[in-house]
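> Pasted the sequence and its predicted model underneath.
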Amino acid sequence: MLNCLKNLILYNMCVSFLGKFYQSLKDNNVNFNNAEIETAIIKFCKDAKGKENRFCYYIGATSDAATKIINEVSKPLSHHVPICELKYDKQLDLSTVDLKKLKVKDLKKILEDWGESCKGCAEKSDFIRKITELMPKYAPAAAKARTEL
């Protein structure tokens, strides 16, 4: 289950969020045991927004979470062990990136972020063509910059 969690969460967000959380535990003189850490992370997650909130959801620290694996976070923290081994999503500059050099996975991600898909796309060139067609709609500044190159 932790491997699944690792695949879903971004590395830098994890380090930043858990770094702030760890510091808050120290600042508030929380005993480093599982129960107190779990209580503290639920409280800390109430103010989380965006990707931090998504992290809280995945570990079960939000009221609407479907699973509860807070112990996967609290246990290592109780021993002061770092737990972030996750990767950050690539931030692409669509105005300058060479789409031909991207992996198909990255091309699919661009379309997914736009809420689009590429039905019938079998080749990398199909995905590139679809992104190029949709770029004026979803990234007009990037589309304009690309035509000026």
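Cool, the structure landed.
> I'd say residue 28 and residue 40 touch.
Yes: between residue 28 and residue 40 a contact is recorded at 7.4 Å, counting by Cβ atoms under 8 Å. (Each C-beta comes from the backbone N, C-alpha and C, glycine too.)
> between the two, which one's more packed in?
A count of neighbours by other Cβ atoms under 10 Å puts residue 40 above the other of residue 28 and residue 40, at 19 against 10.
> From the contact counts, what lies against the longest helix seen in the chain?
Secondary structure of the chain per DSSP state H: the longest helix is helix 11-27. In terms of contacts (3 or more Cβ pairs under 8 Å, 6 or more residues apart in numbering; DSSP states H and E), helix 11-27 is packed against helix 34-45, helix 50-59, helix 71-78.
> let's go with 7 Å and repeat that
On a contact count with 3 or more Cβ pairs under 7 Å, 6 or more residues apart in numbering; DSSP states H and E, helix 11-27 meets helix 34-45, helix 50-59.
> how far does that helix sit from the chain's center?
Counting by Cα atoms, centre = their mean, to the nearest Å, helix 11-27 is centred 15 Å from the centre of its parent chain.
> ok, of the helices and strands packed on helix 11-27, where does mean pLDDT dip lowest?
Lowest mean pLDDT of these: helix 50-59, a mean of 86.
> if we can go back for a sec, out of the helices and strands packed on helix 11-27, which is closest to residue 120?
Nearest of those to residue 120, taken as Cβ to Cβ: helix 50-59 at 31.0 Å.
> buried stuff in the closest one?
In terms of neighbour count (16 or more other Cβ atoms under 10 Å), helix 50-59 has its buried residues at 51-59.
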